[in-house]
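Peer 1: Give me a 3D structure for the following:
(2 chains)
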Amino acid sequence: MTTTISTAPVRTHVWREALILAGRTLRHWRARPVGFAIQVFFPVLVILLMGGLLGGAIAGSAAQYILFVIPGVLAFTMLSGIETTMIAVTTDATRTVTDRFRSLPISPGAVLLGRVLADMLTSAVELVVITLAGLALGWRWENGVLPALAAYGLLLWLRFGLLWVGVWAGLRVGSPEAVGAVQLLSWPIGFLSTVFVQPSTMPPWLGAIAEHNPLSATASAVRELFTGVHLQGLTWAADHALLFALVGPLVLAAVFCPLAIRAFQGLSR
Amino acid sequence: MTSESAPIFARGVRKHFPGSERPALDGVDLTVRAGRVCALLGGNGAGKTTMIRILTTLTRADEGVVRVAGWDVRAEGTRVRASIGLVGQYAALDEVLSARENLELFGRLAGLDRRRARERAGELLGTAGLQEVGRRPVGSFSGGMRRRLDLATSLITIPAVLFIDEPTTGLDPQARRELWSSVRALTAAGTTVLLTTQYLDEADALADDVVILREGRVIAEGTPGDLKKLVGEPRMELREPTLEDVYMHLHEGVAAS
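Peer 2: This is a model prediction of the structure:
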């Protein structure tokens, strides 16, 4: 028997392939519903814990603090999504699943695009769950639907910028265990921001640092969009939170997207 | 057929990884003719896996000409990937998904539509003897079951050339022989196979041709018969059964009863 080799060009379909790969994440949700539920409800637990334990001390009452902290937790959830991205990327790389994808006649870009689509979808679901929990706890957006949609857009924009940090770090760390270190880092980054407390309650030098945290820019910008009230800060960065919330993720993506692509291509070296 | 149009053709392949003292591959030539099984033998660090990775487009060679299924691996990577199957050293499967879902996923990525991918997954589960456990997550599978599924996944579309990197490491004797049968069935259907192994009995049982690598260089090649002649004339010797013989004897006895 002879093997016939086709001379027809092999066409790859990057979007089709990326959607198939993103669909794999949906199947993971179905296969591990408890793990998925823990992931999406964890931010709600944070809101309840922070509100119940610290709300009275910080804002006078748990109910008052929950109204403040919900936009912050929405932003913080976008940061902690790095962990989801890193675990997925590192697990596939160490179990050689990435190599199997790379040995298939698909567009190399589809593997990364599939990851982007899957993680953005996961984050969108997390935002919906936190929002529903917030509504149940009495939180409302008071500035109309369009500014609220713009706020969710900003949150996903932050996730998009951070996602490339996760892809790059996931390809570089080499083991799922190392992801734990990044997970630990996300908490100090979250606390050193305007996510959980007003920087005016911090020493001025620490408040200034917190206001320059990209997470603070998004948290403050979405608070402004949800309430329609411009928040005065200690620094120029805080006074222009919306601008920073647009530029910060753009800078992250501009730096880490090429680094992540280079790390992915580096798997061939 | 000229050697350059052989399903696997490599000339002067060199690869030196940064930071290592010596090249992983140092001018390797390799030709595998259509429908043959070639075993790449060598100890740890001989360069077997690097050679497989270069042939399957996963790693770039520093120098040399490499053609697989008639296509240049560097310039026509997608065409090469459309013509090959790869079974790596470790079962490259999604452990959360079921066996069926893994096969359907890779079938869809290989270009099959949803219905055809589902049909092909069913066929391959049957061939691999995994029909009963097709809906179980792969994370719950034994090493032998994973290996069979891994091989099945690489056969979603019948490849012109199949690469198998250390296929039976960690498998029990029965699972090894089952995998050998699968490879033989593939070559009977016209697929060319390059496998790497550290087990000489495996090469003896499967290979039409053998290439021996040492420190990134080919030190011997030929048919198993040719290579055996290098050692001397055939001689008859008595040997006790090995434990593998005992295991297979007992296993086959139980299966028959």
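
Peer 1: What ranges in the stretch 151-269 of chain A fall below the confidence cut-off?
Peer 2: Residue ranges of the stretch 151-269 of chain A with pLDDT under 70: none are present.

Peer 1: residues from it in reach of chain B?
Peer 2: A:267, A:268, A:269 (CB under 8 Å from any CB of the partner chain). Heads up, the C-betas are built off the backbone N, CA and C, glycines and all.

Peer 1: Now secondary structure and neighbour count too, for those, in CSV please.
Peer 2: Listed next are these as CSV, based on DSSP: H, G, I helix; E, B strand; the rest coil; neighbours: other CB atoms under 10 Å in any protein chain shown:
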residue, secondary structure, neighbour count
A:267, helix, 15
A:268, helix, 14
A:269, coil, 10
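
Peer 1: confidence score at residue A:150?
Peer 2: On pLDDT, residue A:150 comes in at 97.

Peer 1: May I ask which helix or strand encompasses it?
Peer 2: Element membership for residue A:150, per DSSP states H and E: helix A:145-173.

Peer 1: Taking their axis directions, the helix or strand following that helix and helix A:145-173 sit at what angle?
Peer 2: Counting by DSSP H and E, the element after helix A:145-173 in chain order, helix or strand, is helix A:179-191. Helix A:179-191 and helix A:145-173 meet at an angle of 140 degrees, taking axes from the mean of the first three to the mean of the last three CA atoms, to 10 degrees as the criterion.

Peer 1: Which positions within the next helix or strand after helix A:179-191 qualify as buried?
Peer 2: Per DSSP H and E, the first helix or strand lying C-terminal to helix A:179-191 is helix A:204-211. Residues of helix A:204-211 classed as buried: A:207, A:208, A:209, A:210, A:211 (neighbour count, 16 or more other CB atoms under 10 Å in any protein chain shown).

Peer 1: Can I get the helix or strand residue B:186 falls within in PDB, CA atoms only?
Peer 2: If you go by DSSP H and E, residue B:186 is part of helix B:173-188. Presented in PDB, the C-alpha positions along helix B:173-188 are these (Å, rounded to 0.1, in the frame of the first residue of the first chain):
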ATOM      1  CA  PRO B 173       4.000  -6.800  30.000                       C
ATOM      2  CA  GLN B 174       0.500  -7.400  28.800                       C
ATOM      3  CA  ALA B 175      -0.100  -3.700  28.000                       C
ATOM      4  CA  ARG B 176       3.300  -3.600  26.200                       C
ATOM      5  CA  ARG B 177       2.300  -6.500  23.900                       C
ATOM      6  CA  GLU B 178      -1.100  -4.900  23.200                       C
ATOM      7  CA  LEU B 179       0.600  -1.700  22.200                       C
ATOM      8  CA  TRP B 180       2.900  -3.700  20.000                       C
ATOM      9  CA  SER B 181      -0.100  -5.300  18.200                       C
ATOM     10  CA  SER B 182      -1.600  -1.900  17.600                       C
ATOM     11  CA  VAL B 183       1.600  -0.700  16.000                       C
ATOM     12  CA  ARG B 184       1.800  -3.700  13.800                       C
ATOM     13  CA  ALA B 185      -1.800  -3.200  12.700                       C
ATOM     14  CA  LEU B 186      -1.000   0.400  11.700                       C
ATOM     15  CA  THR B 187       2.000  -0.600   9.600                       C
ATOM     16  CA  ALA B 188      -0.100  -3.200   7.900                       C
END
